[in-house]
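J.: Let me see the structure of the following:
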Amino acid sequence: MLNPTELPSSLPMVSHWIGGRPVPGSESRAGNVFNPTTGSIAARVPFASDEQVNAAVSAARDAYRGWAATPAPRRARVMFRFKELVENAADELARLIAREHARLSATLTARSRAAWKSSSSHAVSPIC
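T.: The predicted structure is shown next:
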């Protein structure tokens, strides 16, 4: 791991996502996030403390319980809305995935559209 003082200060810091909100890491150590295409350091992510890991696990459990208790028609509406949002943002999502996984955006956009089309044909229309 590189010494943080050797890295440009302009590198973005990636937050953790706990309980539906961004949470900065609380540890003094951080890891590098690499651009897989160039091998260069694209960002930094601070390591999580034990407390933050426990908070993330607890938040995930709570979210699961809430989702499991949600009636199926409501879950279906949420999932169809999510599908619409993903379809509307397909190009931007493809660019983000391409940046993180070194894949061509055009390929990802075509694949994601095909996957969504396939999943739509297997889904049941939500009860409104």
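J.: Show me which positions of stretch 26-34 end up buried.
T.: For stretch 26-34, a neighbour-count test (16 or more other CB atoms under 10 Å) marks 30, 33 as buried. In this view, the C-beta of every residue, glycine as well, is placed from N, C-alpha and C.
J.: Just the mean pLDDT for it, thanks.
T.: Regarding stretch 26-34, the rounded mean pLDDT is 85.
J.: Pull it out as PDB, backbone CA atoms only.
T.: C-alpha atoms of stretch 26-34 as PDB (Å, rounded to 0.1, in the frame of the first residue of the first chain):
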ATOM      1  CA  SER A  26     -13.300   6.300  10.800                       C
ATOM      2  CA  GLU A  27     -10.000   4.500  10.500                       C
ATOM      3  CA  SER A  28      -6.800   6.400   9.700                       C
ATOM      4  CA  ARG A  29      -5.800   3.700   7.200                       C
ATOM      5  CA  ALA A  30      -7.300   3.700   3.700                       C
ATOM      6  CA  GLY A  31      -7.000   1.500   0.600                       C
ATOM      7  CA  ASN A  32      -6.600   2.400  -3.000                       C
ATOM      8  CA  VAL A  33      -9.300   2.000  -5.700                       C
ATOM      9  CA  PHE A  34      -7.600   1.200  -9.000                       C
END
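J.: Provide the contact partners of the biggest helix by length in the chain at residue level.
T.: Longest helix of the chain, by residue count under DSSP state H: helix 50-69. For helix 50-69, contacts defined as CB atoms under 8 Å, 6 or more residues apart in numbering pick out 16, 18-20, 23, 25-26, 48, 75.
J.: for stretch 18-32, the distance to its chain's centre please.
T.: The chain centroid and the centroid of stretch 18-32 are separated by 14 Å, computed with CA atoms, centre = their mean, to the nearest Å.
J.: nearest to residue 99, of the contacts of helix 50-69?
T.: residue 16 (19.7 Å; CB to CB).
J.: Ramachandran coordinates for that closest one?
T.: Main-chain dihedrals, residue 16, degrees, to the nearest 10: phi -80, psi 160.
J.: got a list of what it touches?
T.: Residue 16 sits in contact with 22-25, 48, 52, 56, where contact means CB under 8 Å, 6+ apart.
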